[in-house]
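*Asks:* take a look and give me a structure for this.
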Amino acid sequence: MKSKVTLSAYCKVITFALIILLIIGIVSCRDNESKLWALVVISIALISFSLFYFPTSIETTNSSLIIHRFLKSKIIPYSFISSADTCIPSAGGLRLCGSGGFLGYWGYFNDIIIGTYFGYHGNRNQCILIKLKNGKQYVVSCEEPIQMISSINDHLSENL
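*Replies:* Purely as a prediction, here's the structure:
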């Protein structure tokens with residue numbers, strides 16, 4: 001099963017606004033070459049780093065859960081997963097390192113209910129909590145979270 005990650009309205013606004021601000025900054029610095037090149041380098045680094053983690057879809061295969069990111073996929077074998085369930089990350093959670101809306105929510109977060117986790121999600125209302133046997137946790141999202149959880153749990157029961 002494969003399901004797309006959709007960005008919330010907040011993520012779309014933040015992404016659009018930041019890109020527009022970067023463009024305005026580059027255009028306004030065109031007369032100062034050192035500032036222009038510094039802003040271009042910062043913009044390229046920011047966008048490249050964000051695209052590396054930007055989640056595009058979630059897929060279950062016979063052997064693993066795949067988190068498709070824009071530049072590189074993250075593969076988690078079912079033998080590493082202990083459980084999958086729905087969750088809603090709290091808005092009051094602490095972002096330790098990552099993005100709080102630019103090209104989705106990705107990075108390390110600490111939530112009072114979930115605990116510490118690495119997030120790859122675009123919409124807080126469609127989240128799935130993946131718990132690994134080693135104690136790590138991932139929060140992912142997709143358009144069909146209930147069906148995705150069912151598919152993951154079916155594969156987990158097959159691999160017992």
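*Asks:* from here on, contacts and neighbour counts on C-alpha atoms
*Replies:* Noted.
*Asks:* list the pairing partners of the host helix or strand of Ser3 within its sheet, with orientation.
*Replies:* Here Ser3 sits within strand 2-4, counting by DSSP states H and E. Using DSSP bridges, the strands paired with strand 2-4 in its sheet are strand 55-60 (antiparallel).
*Asks:* now do the strand it pairs with: distance to the chain's middle.
*Replies:* Distance of strand 55-60 from the chain centroid (Cα atoms, centre = their mean, to the nearest Å) equals 10 Å.
*Asks:* and the average pLDDT for that strand is what?
*Replies:* When pLDDT is averaged over strand 55-60, the result is 96.
*Asks:* I'd like the next helix or strand past it.
*Replies:* strand 64-69.
*Asks:* which residues touch whichever helix or strand comes after the strand holding Ser3?
*Replies:* Note on strand 2-4: by DSSP H and E, the next helix or strand toward the C-terminus is helix 9-28. For helix 9-28, the external contacting residues (Cα atoms under 8 Å, 6 or more residues apart in numbering) are 36, 39-40, 43, 101-105, 122.
*Asks:* change it to 10 Å
*Replies:* Contacts with helix 9-28, where a contact means Cα atoms under 10 Å, 6 or more residues apart in numbering, come from 6-7, 29, 32, 35-40, 42-44, 47, 99-105, 122-123.
*Asks:* in it, which residues are buried?
*Replies:* Using 16 or more other Cα atoms under 10 Å as the test for burial, helix 9-28 gives 11-12, 14-15, 22, 25-26.
*Asks:* kindly reformat those residues as CSV containing distance to Lys2 and pLDDT.
*Replies:* Formatted as CSV, those follow (distance: Cα to Cα, whole Å; pLDDT from 0 to 100):
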residue, distance to Lys2, pLDDT
Cys11, 22, 96
Lys12, 22, 97
Ile14, 26, 96
Thr15, 25, 96
Leu22, 34, 95
Gly25, 39, 93
Ile26, 38, 93
